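Q: output the structure for:
(chains A and B)
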Amino acid sequence: NAGVTQTPKFRILKIGQSMTLQCTQDMNHNYMYWYRQDPGMGLKLIYYSVGAGITDKGEVPNGYNVSRSTTEDFPLRLELAAPSQTSVYFCASSDPRLGGGGTQYFGPGTRLLVL
Amino acid sequence: AQSVSQHNHHVILSEAASLELGCNYSYGGTVNLFWYVQYPGQHLQLLLKYFSGDPLVKGIKGFEAEFIKSKFSFNLRKPSVQWSDTAEYFCAVNARGGYQKVTFGTGTKLQVIP
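A: Just a heads-up that it's a prediction; the model follows:
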């Protein structure tokens, strides 16, 4: 299994541009998450999904959108990039049906720089 | 709402020194507790977890953590650190049954000097 994969690894955007961060998992997990990681701030939850067709806002959803049309994919959309969105973005998945208290499996991250 | 506090932001130790990283959480109900580790340039991975049973849990690479319910704490320990333990460590909590609401601490950067 590849686990959780993310593309791209690194991207530079100009202010006002849009882009989609891709996330795919091959573990058949029903829960998926998007976090952003800023220095000294830990991980902040942007959006999460508990299954195909179901998404909900996390702690810092403004400026982002998500969709979940399949179990495997959970793309994150930035519509109008702003410098405040410069960050490292991590996608994760979990499945409480497997037990283990909801352990999350993380992707390698996407580093985004907005100039 | 749940919250997690990690009091040590940056810890520097010499090899063979003992390690203890503090983690306190705030939540009124039953929780699952995790420690994740992020090695330089890598993604987060699970170090250890507690969700029931023995409050002293052992993880990979000789790490252990003790859940003390009365203190709302889940401190991470290792008797003797190695240079390869240099990483950032995150404590996380979710409410039992509320798997979508995982809250992470701000992280502790550990630097081990050879």
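
Q: got the contact list for residue A:67?
A: In this structure, residue A:67 makes contact with A:55, A:74-75, A:77, judged by CB atoms under 8 Å, 6 or more residues apart in numbering or on different chains. To be clear about C-beta, it is placed using only N, CA and C from the backbone, and glycine gets the same treatment.

Q: let me see the backbone angles for it.
A: Residue A:67 adopts backbone torsions of phi -150, psi 160, taken as degrees, to the nearest 10.

Q: next one: residue B:60
A: phi -80, psi 160.

Q: mind checking the SS state of the nearest residue to it once chain neighbours are set aside?
A: Spatial nearest neighbour of residue B:60, excluding adjacent residues (CB to CB, 6 or more residues apart in numbering or on different chains): residue B:47 at 6.2 Å. Three-state assignment for residue B:47 (DSSP: H, G, I helix; E, B strand; the rest coil): strand.

Q: hang on, residue B:47 packs against residue B:63?
A: Yes. Look at residue B:47 against residue B:63 with CB atoms under 8 Å: they come within range, at 5.6 Å.

Q: kindly state the beta-bridge partners for residue A:91.
A: Beta-bridge partners recorded for residue A:91 (DSSP bridges): residue A:34.

Q: what residues of stretch B:48-56 count as buried?
A: B:48-51 (16 or more other CB atoms under 10 Å in any protein chain shown).

Q: could I get those as TSV with pLDDT?
A: Shown next, in TSV, are the buried residues of stretch B:48-56 (pLDDT from 0 to 100):
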residue	pLDDT
B:48	94
B:49	92
B:50	92
B:51	85
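
Q: give me the subset of these touching chain A.
A: B:49-51 (CB under 8 Å from any CB of the partner chain).

Q: would CSV of the residues you listed with distance to residue A:111 be doable?
A: Listed next are these as CSV, based on distance: CB to CB, whole Å:
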residue, distance to residue A:111
B:49, 27
B:50, 32
B:51, 32
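
Q: which single one of the residues you listed is nearest to chain A?
A: residue B:51 (3.3 Å; CB to the nearest CB).

Q: residue B:106 contacts residue A:38, doesn't it?
A: No. Counting by CB under 8 Å, residue B:106 stays clear of residue A:38, with 9.7 Å between them.

Q: pLDDT weak spots in the chain?
A: If you meant another chain, say so; for now it's chain A. Low-confidence segments of chain A (pLDDT under 70): A:99-101.

Q: sorry, should have said chain B
A: B:97-100.

Q: quick check: residue A:65 vs residue A:111, distance?
A: 20 Å (CB to CB, to the nearest Å).
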